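*Asks:* sharing a model that was predicted from the sequence below.
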Amino acid sequence: MTNKLLQHKFFAFLKLIRFQNLLILIFTMCCIRYFVIGSVLERIYFPEVSFWLLVTSTTLIAAAGYIINDYFDVKTDIINHPETVVIDKVIKRRTAMLLHLVFNGIGLLLGAWLAYRCFALRLVLFQVVAITLLWFYSTHFKKQILTGNLVIAFLTGIIPFMPLAYEMLNGVHINTAYFDQEPEKLRLLFIVAVLFSGFAFLTSLIREIIKDLEDFKGDIQTGCKTMPIAWGIITTKTVTFFLIVITLGLLCFSMIKLWQWHQKTASFYLIMTVFFPLCILIIQVIKAKTPFHFKVASFLLKFIMLFGVAFTFIIKLIYEQH
């Protein structure tokens, strides 16, 4: 968004809650439910309305996390991104804190109600853990070596798994023979969910480290101890390189398996939309010298993550062919 747009409270609010990231979150959960779970299982036990309440709860808590992060990060953002700071300029700090509390409160209440409806109160741990970690991320973890990166990567990684967790626990409550009727399909769903969660974790971790490289100047002036500050730019680039290589390795394993199962279209999709872009990302990270270069790398990785999630549509096509 341009500086002029950010002067309007509506656009400033959208910037504050990172609406584009929230859209990706919603897209991810919908893809898992409709393209993966909906394709594999003959019957979905988790009701449509409940699913959208889960999406709303998760989205509100994520938005609250973005708000509180900006609330505590104003000084750093003024140095790194002065043109996009909205707290204190367009939105008052008191308003931001109120939004944070309201969004978290509604998100937690919705999560508690869904857990009650599923007769699995432990499900509310998703919301409780997310709210707690996002608060401490903004106040403490973000300024520590790797800790903040791992927290965000973990929270990103559990998003693809949530629709399946609610579906399974709701299914067990409604049908006691749930796990006995379609064990192979449920095992497949679990593996697919874990793979997507692993991909989300690794790519999110890489992106968080790249963002630390991008924000190096502001972080060092505000006393942060991020990886680039503590270990140096070259070492941080090396860590990022190896994380991308690990992701490429796991991706190669998946593509080989798909090829062995005669799913050449699926393999070709991953090669063109995820594998090659990750290779380009390696080159971009190695060559990057300025904050803008790292910003381009972060932007590229966001598209890689989006295309990775879109692979769920290929899964749907595979099942339709069978």
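*Replies:* Cool, got the structure. Numbers count the residues shown, from 1 in each chain.

*Asks:* mind listing what the residue nearest to the spatial centre of the chain touches?
*Replies:* The centroid of the chain falls nearest to Thr156 when counting by C-alpha atoms, centre = their mean (3.2 Å). Neighbouring residues of Thr156 by C-beta atoms under 8 Å, 6 or more residues apart in numbering: Ala200, Phe201, Ser204. All C-beta atoms are positioned from the backbone trio N, CA, C, and that covers glycine.

*Asks:* on the three-state scheme, the last one is what?
*Replies:* What DSSP: H, G, I helix; E, B strand; the rest coil gives for Ser204 is helix.

*Asks:* okay, it and Ile159: tell me how far apart.
*Replies:* According to C-beta to C-beta, to the nearest Å, Ser204 stands 10 Å off from Ile159.

*Asks:* neighbouring contacts of the lowest-mean-pLDDT helix or strand in the chain?
*Replies:* Ranking every helix and strand in the chain by mean pLDDT, DSSP states H and E puts helix 178-181 at the bottom, with a mean of 77. With contact meaning C-beta under 8 Å, 6+ apart, helix 178-181 is reached by Tyr45, Met168, Gly171, Val172, Asn175, Leu186.

*Asks:* mind doing that once more with 7 Å?
*Replies:* Contacts to helix 178-181, defined as C-beta atoms under 7 Å, 6 or more residues apart in numbering, come from residues Gly171, Val172, Leu186.

*Asks:* what number of residues lie near the last one?
*Replies:* Okay, so that is Leu186. 19 (other C-beta atoms under 10 Å).

*Asks:* tell me which element it is part of?
*Replies:* helix 183-214 (DSSP states H and E).

*Asks:* buried set for that helix?
*Replies:* For helix 183-214, a neighbour-count test (16 or more other C-beta atoms under 10 Å) marks 186, 189, 192-193, 196-197, 199-214 as buried.

*Asks:* mind checking how far Phe294 is from Phe313?
*Replies:* 30 Å.

*Asks:* of those two, which one has the most company?
*Replies:* Higher neighbour count among Phe294 and Phe313: Phe294, with 25 against 15, using other C-beta under 10 Å.

*Asks:* before we move on, the earlier item: assign the residue nearest to the centre of the chain to helix, strand or coil.
*Replies:* Here Thr156 is recorded as helix under three-state DSSP.

*Asks:* please report how far the nearest residue to Ile152 once chain neighbours are set aside lies from Thr273.
*Replies:* The shortest distance from Ile152 to any non-neighbouring residue, by C-beta to C-beta, 6 or more residues apart in numbering, is to Glu208 (5.3 Å). According to C-beta to C-beta, Glu208 stands 22 Å off from Thr273.

*Asks:* ditto for Ile131
*Replies:* From Ile131 to Thr273 the distance is 34 Å (C-beta to C-beta).

*Asks:* with just CA atoms, put stretch 112-129 into PDB.
*Replies:* Output in PDB follows, covering the C-alpha atoms of stretch 112-129 (Å, rounded to 0.1, in the frame of the first residue of the first chain):
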ATOM      1  CA  ALA A 112     -13.900 -23.000  23.500                       C
ATOM      2  CA  TRP A 113     -17.400 -23.400  22.000                       C
ATOM      3  CA  LEU A 114     -16.100 -25.500  19.100                       C
ATOM      4  CA  ALA A 115     -14.100 -27.700  21.600                       C
ATOM      5  CA  TYR A 116     -17.300 -28.100  23.600                       C
ATOM      6  CA  ARG A 117     -19.300 -29.000  20.600                       C
ATOM      7  CA  CYS A 118     -16.800 -31.700  19.600                       C
ATOM      8  CA  PHE A 119     -16.800 -33.000  23.200                       C
ATOM      9  CA  ALA A 120     -13.000 -32.600  23.100                       C
ATOM     10  CA  LEU A 121     -12.100 -29.600  25.400                       C
ATOM     11  CA  ARG A 122      -8.400 -30.200  24.700                       C
ATOM     12  CA  LEU A 123      -9.000 -28.700  21.300                       C
ATOM     13  CA  VAL A 124      -9.100 -25.200  22.800                       C
ATOM     14  CA  LEU A 125      -5.400 -25.600  23.400                       C
ATOM     15  CA  PHE A 126      -4.900 -24.600  19.800                       C
ATOM     16  CA  GLN A 127      -6.300 -21.100  20.700                       C
ATOM     17  CA  VAL A 128      -4.800 -20.800  24.200                       C
ATOM     18  CA  VAL A 129      -1.300 -21.800  23.000                       C
END
